[in-house]
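In: output the structure for:
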Amino acid sequence: MAEASIAASAAKHVVGASSVLLSLDTLWPVGKGQMASLAGSIYGMMIWLLPSYVSNWFTSLRDRALVSAIESFTKAWCSPSLVSNELSQVRW
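Out: Numbers count the residues shown, from 1 in each chain. Down below sits the predicted model:
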């Protein structure tokens with residue numbers, strides 16, 4: 001699905017850059033691809049800024065298919081950048 005790829009790219013960019021501003025500047029006029037980019041950017045930003053809120057939301061979901069899709073998306077596109085950011089802050 002093209003929209004999922006766009007959302008994944010936006011989420012990865014936001015988590016890696018620690019900023020959603022560049023993603024938001026490219027949204028106008030809003031179309032299907034731009035909505036996917038916005039959704040991915042917001043999700044990436046929420047994981048980066050409010051991880052416990054996202055965790056609580058995620059554990060409250062009851063739709064197993066949705067849980068699986070979100071989990072796969074997060075593992076593939078958000079977690080590597082989050083781990084990399086955290087490890088870069090560790091001082092040896």
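In: break down this structure into its helices, ranges please.
Out: Counting by DSSP state H, the chain has helices at residues 2-17, 21-25, 32-49, 51-60, 64-73, 79-88.
In: make JSON lines from those and add mean pLDDT and mean neighbour count to it.
Out: For glycine as for every other residue, the C-beta is placed from the backbone atoms N, C-alpha and C. Below are the helices of the chain laid out as JSON lines (pLDDT from 0 to 100; neighbours: other Cβ atoms under 10 Å):
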{"stretch": "helix 2-17", "mean pLDDT": "76", "mean neighbour count": "19"}
{"stretch": "helix 21-25", "mean pLDDT": "56", "mean neighbour count": "13"}
{"stretch": "helix 32-49", "mean pLDDT": "84", "mean neighbour count": "19"}
{"stretch": "helix 51-60", "mean pLDDT": "96", "mean neighbour count": "11"}
{"stretch": "helix 64-73", "mean pLDDT": "94", "mean neighbour count": "12"}
{"stretch": "helix 79-88", "mean pLDDT": "89", "mean neighbour count": "13"}
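In: please tell me how far Tyr53 sits from Lys12.
Out: According to Cβ to Cβ, to the nearest Å, Tyr53 and Lys12 sit 20 Å apart.
In: swap in Phe58?
Out: Phe58 is 18 Å from Lys12, by Cβ to Cβ.
In: and for Ser88?
Out: Distance, Ser88 to Lys12, by Cβ to Cβ: 16 Å.
In: can you check Asp63 too?
Out: According to Cβ to Cβ, Asp63 stands 24 Å off from Lys12.
In: I'd say Trp48 and Val15 touch.
Out: Yes - the criterion here is Cβ atoms under 8 Å, and Trp48 meets it with Val15 at 5.2 Å.
In: common neighbours of the two, please.
Out: Both Trp48 and Val15 are in contact with 82, 85, where contact means Cβ atoms under 8 Å, 6 or more residues apart in numbering.
In: and the residue nearest the centre of this structure?
Out: Gly44 (2.5 Å; Cα atoms, centre = their mean).
In: that one touches Ser9, doesn't it?
Out: No - if you go by Cβ under 8 Å, Gly44 and Ser9 don't touch, sitting 9.9 Å apart.
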